[in-house]
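*Asks:* missing the sequence, but the structure's below:
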């Protein structure tokens, strides 16, 4: 059941066996660690950035990759403007694609 | 066996009849209509599987309409004038994808539509779309291809916009319909040019005559323009997030399958119709670079989406990029046919079925979310995992498979693409890997935002038919992930070979050896 | 002697339709533009099948030995017209739904789906 590519091969069963081995190793390390966890104490409380999280606090999807979005702001603004939602733009870009395809095909 | 011989036409005719008979049965009684829908769906799947088994075991199936015998391709006068269906490995493979998605959509819709208006008409459109997709994939005639293309366009856009009590679906449907119609007319214009030149519409006959004259090139350019729009290649992809995002879940996965049927049309045109005349690698490079552009732009847009449906829709567009990349690499090196070109084609084609299963699963899960809490806005969602345990599991599985995490199916097909496309240019592989990483980021964000965290509101649990539909797709994902070798050897390789070297066989099957 | 003139007219019609799509904003006018492209393509198909001096391809009515125009493009055109009718009707229906919800047909204002 291997998938041979000419450069190498991919076998999920071998991968699963290796992953099981790694998991076993990790479990062996973990089981030798100190046990300081106590249920029902402050250790169970959720924290957000070092502060005790308020009841029902949820780090929603818009909060993730904030830095990524911030750093790529100019690119993303440009891309969003590109998807303007105006039907004329849709048709324009389709005509551009058609023109490129025609040029590539006819000139070669 | 008689029914085996007639299976290709039955696979198209039965859902077509089923579509138009459905409203009649609905007038009689609702349970009769449901029974009819189940019967038609089951029979269509059986026919598609029959066709696929026959094709994979005994080669190309030809079915000539209106002839004394179905294999009677050449009319008196030595000219293939009749409409015919030609099913080779690639067509059979695409038929299986359509059948899988159609089955999942039908099962999913079963309880869902009971709660909404217009169930009968939506089901009619669904069967029409299904018949159109299978027709596009099985036909061996250019004009017939155009007719089925338009059937799918009309049915798909109606499915997007049939919920007239909301304003956004109508907007998405209008925009999509405008682009689909213009694209379809470009295809028709190209077909007209080819007919004027060679006086035939049969793909095999046209392919044997096409020499690569200036008019042929213009026709190819028009076909490329129309079909690249239909598959949603950047920069003409903008209809895709609108339509996928606004369609109800069971229709959205049919739209994805429809996009792949158009992709099949593109492969058929490039590899079979123009396979003999296309020697310059420029078209291959065009397809490859559009693929890379598509996956990068779509995945970047997916990062910033706040609507779960639209986010998955951009993910779906980016997957088209991988298919264009994989098969485009094969197309670029088609004249010299190195081994790694075939590997890239296998990757691209294997990714089609993987995409249908994973994107389908994600859309269905998003549909459950919409039904459970009434919104898909990621800014308002959270903690759905408490109530929707199975759905969260399915969404997680689909997200991992889409991002290409081993040992799931997305990894297997992307692995084939990575391992071969770098021979053409390492930049292609680098961008493809980057796209994959961004996809993982996108879906980690969506999963965390929608399903993890504290319970924010009460959620309505998924109905059993929804869970069954998602379970079918999840089982496909796991099976293709754990034993990719089996599927690649028995389904993907015949499909890739049909494009890679199969043109002569295709011509011989229709025109005689 | 009209030569290639019919083909030129078809292409002009198609170009006019595309121009309408690119420059107009009203959804009804956009639908008309698409209809223009459709008419251009249909005319192109009919023109393809014309044979100089040909008669309608009906065997029982044609005088013996007469040349006939090609019947296939006419069949294609009929099919294409029917499809065109369906798409036009569907687009106009969507335009009506959009107008009911938004109170406008200006494509620049119908941009709820973007970004």
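*Replies:* Received it, and whenever you're ready, just let me know what you need. What you see is a predicted model, and the numbers here were worked out from it, not measured in a lab.

*Asks:* what's the neighbour count on residue 93?
*Replies:* Picking chain A for this. Per other CB atoms under 10 Å in any protein chain shown, the neighbour tally for residue A:93 reads 18. C-beta here means a position set from N, CA and C on the backbone, and glycine is covered the same way.

*Asks:* if you could check chain C rather than the one you did, that'd help
*Replies:* Per other CB under 10 Å, the neighbour tally for residue C:93 reads 17.

*Asks:* hey, which helix is longest across chain C?
*Replies:* Longest helix of chain C, by residue count under DSSP state H: helix C:71-102.

*Asks:* any idea of the mean pLDDT in that one?
*Replies:* Confidence over helix C:71-102 (mean pLDDT, whole number) is 94.

*Asks:* helix or strand: which one has the closest residue to residue B:438 other than its chain neighbours?
*Replies:* Take residue B:438 and drop its neighbours on the chain: the residue closest to it by CB to CB, 6 or more residues apart in numbering or on different chains is residue B:299, 4.5 Å away. Taking DSSP states H and E as the criterion, the element that holds residue B:299 is helix B:282-303.

*Asks:* buried stuff in that helix?
*Replies:* For helix B:282-303, a neighbour-count test (16 or more other CB atoms under 10 Å in any protein chain shown) marks B:283-288, B:290-303 as buried.

*Asks:* hmm, the strand or helix carrying residue B:145 touching chain A?
*Replies:* Residue B:145 is part of helix B:142-161, with elements assigned from DSSP H and E. No. Residues of helix B:142-161 are not located near chain A by CB under 8 Å from any CB of the partner chain, the shortest gap being 13.7 Å.

*Asks:* for stretch B:352-371, same thing?
*Replies:* No. Stretch B:352-371 lies apart from chain A when judged by CB under 8 Å from any CB; the minimum separation is 12.4 Å.

*Asks:* list the buried residues of that stretch.
*Replies:* B:352-369, B:371.

*Asks:* equivalent analysis for stretch C:67-74, please.
*Replies:* By neighbour count on 16+ other CB under 10 Å, the buried set for stretch C:67-74 is C:69-70, C:72-74.

*Asks:* got the contact list for that stretch?
*Replies:* Residues from elsewhere that reach stretch C:67-74 (CB atoms under 8 Å, 6 or more residues apart in numbering or on different chains): B:192, B:195, B:199, B:201, C:45-46, C:48-57, C:62.

*Asks:* from those, which ones fall inside strands?
*Replies:* Per DSSP state E, strands hold no members of those.

*Asks:* show the buried residues in those residues.
*Replies:* Buried residues within these, counting neighbours by 16+ other CB under 10 Å: B:192, B:195, B:199, B:201, C:45-46, C:48-49, C:57.

*Asks:* and of those, the nearest to chain A?
*Replies:* residue B:192 (16.0 Å; CB to the nearest CB).

*Asks:* circling back to that earlier point, so which of the buried residues of stretch B:352-371 belong to helices?
*Replies:* Secondary structure from DSSP H places B:352-369, B:371 of these in helices.

*Asks:* those: which ones sit near chain C?
*Replies:* Answer for these near chain C: none qualify (CB under 8 Å from any CB).

*Asks:* look up phi and psi at residue 67.
*Replies:* Looking at chain A here, since you left the chain open. Dihedral angles of residue A:67 (phi, psi; degrees, to the nearest 10) stand at phi -70, psi -40.

*Asks:* hmm, I had chain B in mind actually
*Replies:* Here residue B:67 shows phi and psi, under degrees, to the nearest 10, equal to phi -100, psi 160.

*Asks:* tell me the contacts of the residue nearest to it when sequence neighbours are not counted?
*Replies:* In space, and not counting its chain neighbours, residue B:67 is closest to residue B:82: 5.8 Å by CB to CB, 6+ apart. Taking CB under 8 Å, 6+ apart, we find residue B:82 in contact with B:64-67, B:73, B:75.

*Asks:* which among those gets closest to chain A?
*Replies:* Ranking those by separation from chain A, with CB to the nearest CB as the measure, puts residue B:73 on top at 29.9 Å.

*Asks:* ok, now how distant is that closest one from residue B:79?
*Replies:* The gap separating residue B:73 from residue B:79 is 10 Å, by CB to CB, to the nearest Å.

*Asks:* residue A:28 and chain C: what is the separation?
*Replies:* 49 Å (CB to the nearest CB, to the nearest Å).

*Asks:* could you do residue B:53 as well?
*Replies:* 33 Å.

*Asks:* output the contacting helices and strands for the helix or strand hosting residue B:411.
*Replies:* Residue B:411 is located in helix B:409-421, with elements delineated by DSSP H and E. Packed against helix B:409-421 by the contact rule (3 or more CB pairs under 8 Å, 6 or more residues apart in numbering or on different chains; DSSP states H and E) you find strand A:3-4, strand A:9-10, helix B:308-332, helix B:339-373, helix B:389-403, helix B:426-451, helix B:464-482, helix B:484-487.

*Asks:* quick check: angle from it to helix B:339-373?
*Replies:* 150 degrees (axes from the mean of the first three to the mean of the last three CA atoms, to 10 degrees).

*Asks:* which residues touch helix B:409-421?
*Replies:* So helix B:409-421 is contacted by A:3, A:5-8, A:10, A:12, B:322, B:325-326, B:329, B:340-341, B:343-344, B:346-348, B:350-351, B:354, B:357-358, B:400-405, B:428-429, B:432-433, B:436, B:476-477, B:480-481, B:484, B:488 (CB under 8 Å, 6+ apart).

*Asks:* relative to helix B:389-403, how tilted is it?
*Replies:* Per the same axes, to 10 degrees, the angle that helix B:409-421 makes with helix B:389-403 is 0 degrees.

*Asks:* and helix B:409-421, what's its mean pLDDT?
*Replies:* 92.

*Asks:* and the residue of chain A that's closest to chain B?
*Replies:* For chain A, CB to the nearest CB, closest residue to chain B: residue A:61, 2.5 Å.
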